[in-house]
Structure formats: structure tokens, C-alpha cells
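A.B. asks: I need the structure of the sequence given here:
(one chain, ligands or ions: 1)
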Amino acid sequence: MSLAVEDVSASLGGKQVLHNVSFTVPDGHFGVLVGPNGSGKSTLLRTVFRAARPSGGRVLVDGEDVWLSTARDAGRRTGVLLQEQHSGFEFTVEETVAQGRTAHLGRFDRLTKQDDEIVAEVCERTGLAAFADRRLAELSGGERQRVFLARALAQRPRLLVLDEPTNHLDIRHQLDLLELIRDLGITVVAALHGLDMAAAYADAVVVLDAGRVVASGPPAEVLTGDLVSEVFEVECTVDVVAGLPRFGFRPRAGASPGRGR
Ligand SMILES: Nc1ncnc2c1ncn2[C@@H]1O[C@H](COP(=O)(O)OP(=O)(O)OP(=O)(O)O)[C@@H](O)[C@H]1O
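C.D. replies: Here you go, the predicted structure:
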């Protein structure tokens, strides 16, 4: 499933936070959004999974404007993993993952044996099988994040939208999650703060700054020391190790704590 964001603008609380943003993620590719806090990554992802309506422009999934399709159709094909979830902790892991199947059910349908098999397979794949009967309240933040990923995968989405999916995860689980996502072979768009991870896993990165795309393309071409220094207001050096950029950071001399936008 291809994703095309065309000239998207959005405003929140009377302030324009996205300015004519355009990029594409071809079918089966992994597109990553990077940018400083407040640069508009989450808002942009929300326009993609139909939670925030753009004030201008279009979001096309396989050529179809998501805002012209029903919420149910969009929900069926798009899996979403958000930064932090604060509810539903009374459910077990298995119950939560099974919620991913309900997007495909009619109002009075019940889960079938095939749904149960998908839930079991996803729990296995995400390393959650041993936790299946535990309540989310009894899990660590990182374990819960994996459950929410599993719920999104149980949906068997054709487009996966991830907002900081590696938040809370230790390094092994960050790598596991990104490997798993890459191996899914579906179209993925994710916001990531870790530039090393973005460089290692993305087919293409889109750099946002103050709601505008300032660069996009293959990570090794886009994530240069100069660009990262400029956008993140730090001193950044890049070494290429085994064909991948490795980033070194230092605070910029005389830098203030924020831009106060
Ligand atoms: N409900 C809201 N009302 C008004 N402004 C908002 C609202 N939500 C977000 N904003 C503003 O919109 C801008 C973009 O926020 P957004 O969450 O999309 O950025 P982000 O790049 O995802 O940030 P982070 O890296 O901190 O998660 C920020 O300036 C933020 O303060």
C-alpha cells in the first residue's frame, strides 16, 4: 500500500503546525519522520491515520484520500501504535491483542478460530506468548509497548503508523521491534527520535523542522552532520561505520534551552 502526503497543512489551537508537507512512502517501504520536539511529527501521523483533518492538502493511501473513506475502512487497513497509552490496563495481554481483530468484525460478529490463531501467532512473534494471561497493569512500560504493537499487528494492517514506537524499550527490544517491523514487508511510517535507528532501518527519512519538510531521501544522504546540527541546534558529527551513519553530539556553545516557538 503506498502512502502519499500531498501539500498537507494543519493547525492546532489557532496555530499552523504543518506547512505544505509532501512526501511519499512506496508500497512495502519504511519511511521515518525525524525532527525536534514540536516539529509536527505526531500531528502529521495523525493526519495519516485519520485522527486530525488537514486544513489543506491530501493524504492518499493507494491513491485514495483517507479523508474521503470511512473511518471504519481506514481503521481496517491502518495499524497504529502511539507514544503513550494510559487506559485499558485492566485487560490481559491476549484480550488486548485480540482487540486488533475487532476492526475486521461486523457489529454482532464474534472472533473466529482463525482470529484466535492470528492472536496466538502475533503473541509468539512479539515474544509475548509467556505473558498472554497477565494484565497490562502488571507489565513494565516496555512490555506494554510490545503488547500495543502486537495489537496493531493482529489487525494485519497494510499500512502501519508508529509514533515513537521504541519509547520505553531497552536496546535489544528496540532492535527486535525495528527488525520485526522491517521484515513485515508492509508500508510503515514512523516517527523516531533515535537518528542511529532511523539511519539503520529507514528506506527514506523525512526531516521536519517547525512543521516544514527540510530534507527527505535515503538516510545516508539526508542525515548529514550539517543538517542535523542545523535542525536540532547541536554540534553533530557523523562517521560512517559499515555503510551506516553514526552520530556524535555536543551541545552548541551558548545554546539556549529551547527556541521558544
Ligand atoms: N492540542 C494542541 N493545541 C495546540 N497546539 C498543539 C496541540 N498539540 C500539539 N500542539 C503544538 O503543535 C506543534 C506540533 O506538535 P507535535 O506533537 O505534532 O510535534 P512532535 O514533532 O510530534 O513533537 P515531539 O517530538 O515532542 O513528540 C507543537 O508546537 C505543539 O506545541
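A.B. asks: three-state assignment of the residue nearest in space to the middle of the chain?
C.D. replies: Nearest to the mean C-alpha position of the chain, counting by C-alpha atoms, centre = their mean, stands Leu162 at 1.7 Å. Per DSSP: H, G, I helix; E, B strand; the rest coil, the secondary structure class of Leu162 is strand.
A.B. asks: tell me the SS of the closest residue to it other than its chain neighbours?
C.D. replies: Residue nearest to Leu162 in three dimensions, not counting chain neighbours: Ala190, with 3.8 Å by C-beta to C-beta, 6 or more residues apart in numbering. In short, each C-beta sits where N, CA and C put it, glycine included. Per three-state DSSP, the secondary structure class of Ala190 is strand.
A.B. asks: give me every residue that touches the residue nearest to the centre of the chain.
C.D. replies: Contact criterion C-beta atoms under 8 Å, 6 or more residues apart in numbering gives Leu45, Val80, Leu81, Leu149, Ile181, Val188, Val189, Ala190, Ala191 as the residues in contact with Leu162.
A.B. asks: Would you mind naming the residues that bridge with it?
C.D. replies: For Leu162, the beta-bridge partners are Leu81, Ala190 (DSSP bridges).
A.B. asks: Against Ala152, how distant is it?
C.D. replies: Distance, Leu162 to Ala152, by C-beta to C-beta, to the nearest Å: 8 Å.
A.B. asks: Residues in contact with both of those two, list them for me.
C.D. replies: With contacts taken as C-beta under 8 Å, 6+ apart, the residues that reach both Leu162 and Ala152 are Val80, Leu81.
A.B. asks: can you list the contacts of Leu162 in JSON lines and add pLDDT and distance to Arg156?
C.D. replies: As requested, the contacts of Leu162 are arranged in JSON lines below (pLDDT from 0 to 100; distance: C-beta to C-beta, whole Å):
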{"residue": "Leu45", "pLDDT": "97", "distance to Arg156": "20"}
{"residue": "Val80", "pLDDT": "93", "distance to Arg156": "14"}
{"residue": "Leu81", "pLDDT": "92", "distance to Arg156": "14"}
{"residue": "Leu149", "pLDDT": "92", "distance to Arg156": "13"}
{"residue": "Ile181", "pLDDT": "89", "distance to Arg156": "14"}
{"residue": "Val188", "pLDDT": "97", "distance to Arg156": "14"}
{"residue": "Val189", "pLDDT": "97", "distance to Arg156": "17"}
{"residue": "Ala190", "pLDDT": "97", "distance to Arg156": "18"}
{"residue": "Ala191", "pLDDT": "97", "distance to Arg156": "22"}
